[in-house]
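# Return a 3D structure for these sequence lines:
(one chain, ligands or ions: 2)
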Amino acid sequence: MRTAVLVEPTEFELEDRPRPSPGPDEVLVAVRDVGICGSDVHYYEHGRIGDYVVEDPLVLGHESAGKVVEVGENVTDHEPGDRVALEPGVPCRRCAHCKRGDYHLCESVRFMATPPHDGAFTEYVSWPADFAYTLPESVSTAEGALCEPLSVGIHACRRGSVGTGDTVLITGAGPIGLMVLEAARAAGATDIILTDVVKEKLEFAEKRGADLTVDVTETDLDTAVAEYTDGVGADVVVEASGAEPSIKSTIDVVRRGGTVVLVGLASEAEVPFDVLELIDNEVDVHGSFRYKNTYDAAVDLLADGEVDVEGIIDFESELEDIDDAFRRSMEPTVVKGMISLDS
Ligand SMILES: NC(=O)c1ccc[n+]([C@@H]2O[C@H](COP(=O)([O-])OP(=O)(O)OC[C@H]3O[C@@H](n4cnc5c(N)ncnc54)[C@H](O)[C@@H]3O)[C@@H](O)[C@H]2O)c1
Ligand SMILES: C[C@@H](O)[C@H](N)C(=O)O
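Ligands and ions are numbered 1, 2, ... in the order given. Model prediction:
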């Protein structure tokens with residue numbers, strides 16, 4: 001099977017690898033669509049993200065969906081022909097975190113495209129059947145693949161307890177910020193503000209229904225939020241840029257008693273926060289890491305037409321053109337590139 005392998009930073013090789021066989025509890029999936037995520041691009045460019053270092057050739061891609069072609073002997077809830085979205089992180093199921101339900105925090109998680117685990121830029125993937133979610137006819141495999149970033153958005157909104165009538169400020173209008181926008185709207189938020197430093201990203205966010213956009217290179221965020229909220233501040237701030245100034249700004253624009261959710265990964269682990277301001281304003285600060293139990297919700301939201309994920313796709317490329325697709329994904333105005341296979 002054709003497989004795109006990152007052999008060195010900025011260098012893919014197309015290899016012919018043996019097609020896997022499904023284990024007893026697995027499904028073999030012919031991969032159809034795989035999104036290119038910022039983390040894939042980071043591994044492509046730098047060969048590492050923090051402590052995760054690409055030491056051996058690695059298959060990238062963790063936003064994937066396709067068609068089941070074979071099922072293991074114990075699998076009863078999938079059959080060949082089912083179209084499925086693959087949840088990319090499979091936990092150990094036995095550790096303390098898994099047992100208390102926080103399976104996304106499992107320290108032995110096998111997460112696609114995080115070294116040393118291979119991902120989905122390949123023709124076939126064998127995957128645990130319970131981490132494969134059947135897509136109804138109305139949901140495309142491209143949408144199925146984008147259940148992954150949508151899951152990040154849903155989990156962030158759950159962490160912030162976003163609810164009906166809330167004003168939500170999202171910093172960063174990349175794919176994650178835009179997926180938080182979708183999830184927040186679906187959770188009942190009525191006023192959604194997005195920030196960015198790239199005009200085109202903000203224009204796009206506006207087209208996708210942001211009530212207010214703020215270019216933080218031109219406009220003072222505190223003033224804009226104060227004006228919009230009559231001086232109260234946002235109920236929930238979701239930080240989705242990873243930029244230090246943006247992380248710092250979150251506690252200045254959240255309302256007293258409000259919630260800050262940190263999703264963006266800062267390049268520096270330490271970002272100074274005004275602790276007295278946090279205490280005085282009784283602000284809740286939550287980290288948000290990947291997601292748990294979001295795929296069923298993501299598929300249902302897509303089936304009900306409550307969210308739009310396909311609209312963020314800028315281009316689709318074939319596996320053979322993966323180098324070019326990654327280079328295009330590095331352009332600051334590109335939101336989402338996809339690799340589509342016809343296997
Ligand atoms: N916590 C998690 O589970 C999780 C999951 C996926 C991604 N992430 C992280 O979330 C962040 C967003 O992911 P993405 O794929 O959308 O990244 P991205 O780089 O495509 O988007 C980030 C956006 O932030 C904008 N930006 C840069 N500086 C800014 C500033 N000062 N203020 C406002 N916006 C600014 C950029 O122009 C860009 O549009 C990244 O840091 C990523 O690593 C975290
Ligand atoms: C969650 C996922 O989208 C992210 N890129 C990660 O590897 O953690």
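# List the residues that contact the closest residue to ligand 2 within the chain.
Of all residues in the chain, residue 39 sits closest to ligand 2, at 3.5 Å by Cβ to the nearest ligand atom. To be clear about C-beta, it is placed using only N, CA and C from the backbone, and glycine gets the same treatment. Listed by Cβ atoms under 8 Å, 6 or more residues apart in numbering, the contact set of residue 39 reads 49, 62, 113, 114.
# Residue 108 now?
91, 92, 95.
# Now with 10 Å, please.
90, 91, 92, 93, 94, 95, 97, 98 (Cβ atoms under 10 Å, 6 or more residues apart in numbering).
# Now neighbour count and secondary structure too, for those, in TSV please.
TSV is the format used below for the contacts of residue 108 (neighbours: other Cβ atoms under 10 Å; DSSP: H, G, I helix; E, B strand; the rest coil):
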residue	neighbour count	secondary structure
90	19	strand
91	20	coil
92	14	coil
93	12	coil
94	10	coil
95	16	coil
97	18	helix
98	18	helix
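# Redo those residues as TSV? Include distance to ligand 2 and pLDDT.
Below are the contacts of residue 108 laid out as TSV (distance: Cβ to the nearest ligand atom, whole Å; pLDDT from 0 to 100):
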residue	distance to ligand 2	pLDDT
90	13	98
91	13	98
92	17	98
93	19	98
94	21	98
95	18	98
97	16	98
98	17	98
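# Also near ligand 2: which of the contacts of residue 39, exactly?
Restricting these to those touching ligand 2 (Cβ under 6 Å from any ligand atom) yields residue 114.
# Tell me which two of the contacts of residue 39 sit farthest apart.
49 and 62 (12.5 Å; Cβ to Cβ).
# Same drill for the two, tell me which one is more crowded.
residue 62 (25 against 15; other Cβ atoms under 10 Å).
# if I read this right, that one contacts residue 131, doesn't it?
No: counting by Cβ atoms under 10 Å, residue 62 sits too far from residue 131 to count as a contact (11.8 Å).
# shared neighbours, those two?
With Cβ under 10 Å, 6+ apart as the test, residue 62 and residue 131 both reach 86, 87, 88, 89.
# mind pulling up the phi and psi values for the third one?
Here the main-chain torsion angles of residue 88 (degrees, to the nearest 10) amount to phi -80, psi -10.
# thought it was touching residue 133?
No: here residue 88 does not reach residue 133: they are 11.7 Å apart, not a contact under Cβ under 10 Å.
# More neighbours: which of the two?
Applying other Cβ under 10 Å to residue 88 and residue 133 shows that residue 88 carries more neighbours, namely 25 against 20.
# thinking again about what came up before, what kind of secondary structure is the residue of the chain closest to ligand 2 in?
Using DSSP: H, G, I helix; E, B strand; the rest coil as the criterion, the local structure at residue 39 reads helix.
# gap between it and ligand 1?
Separation of residue 39 from ligand 1 (Cβ to the nearest ligand atom, to the nearest Å): 6 Å.
# What score does that residue have for pLDDT?
Among the per-residue scores, residue 39 shows a pLDDT of 96.
# just residue 343 next, same as before
61.
# now residue 206
Here, the pLDDT recorded for residue 206 equals 98.
# Can you name the helix or strand that it falls in?
Assigned by DSSP states H and E, residue 206 belongs to helix 199-207.
# Off-centre distance for that helix?
Relative to its chain's centre, helix 199-207 lies at 19 Å (Cα atoms, centre = their mean, to the nearest Å).
# What's the first helix or strand after it?
That would be, after helix 199-207 and using DSSP H and E, strand 212-215.
# what packs against the helix or strand following that following strand?
Counting by DSSP H and E, the next helix or strand C-terminal to strand 212-215 is helix 221-228. Applying 3 or more Cβ pairs under 10 Å, 6 or more residues apart in numbering; DSSP states H and E, one finds that helix 221-228 contacts strand 167-171, strand 191-196, strand 212-215, strand 234-239, helix 244-253.
# Buried residues of the last one, list them for me.
Put plainly, it is helix 244-253. 246, 247, 249, 250, 251, 253 (16 or more other Cβ atoms under 10 Å).
# Verify the stated contact: the fourth one with residue 239.
Which is residue 250. Yes: between residue 250 and residue 239 there is a contact at 5.3 Å, judged by Cβ under 10 Å.
# what do the two both touch?
Here residue 250 and residue 239 share the contacting residues 169, 171, 260, 261, 262, 271, 285, scored by Cβ under 10 Å, 6+ apart.
# Who wins on neighbours among these?
Neighbour-wise, the shared contacts of residue 250 and residue 239 (other Cβ under 10 Å) top out at residue 169, 31 neighbours.
# Below-threshold pLDDT in the protein: ranges please.
For the chain, the stretches with pLDDT under 70 are 343.
# Between its first and last residues, how far does stretch 253-269 reach?
Stretch 253-269 has an end-to-end distance of 22 Å (Cα to Cα, to the nearest Å).
# quick check, that stretch touching ligand 1?
Yes: under the criterion of Cβ under 6 Å from any ligand atom, stretch 253-269 makes contact with ligand 1 via 263, 264, 265.
# From the chain's centroid, how far away is the helix or strand that contains residue 337?
Here residue 337, judged by DSSP H and E, is contained in strand 336-340. Relative to the centre of its chain, strand 336-340 is centred 14 Å away, using Cα atoms, centre = their mean.
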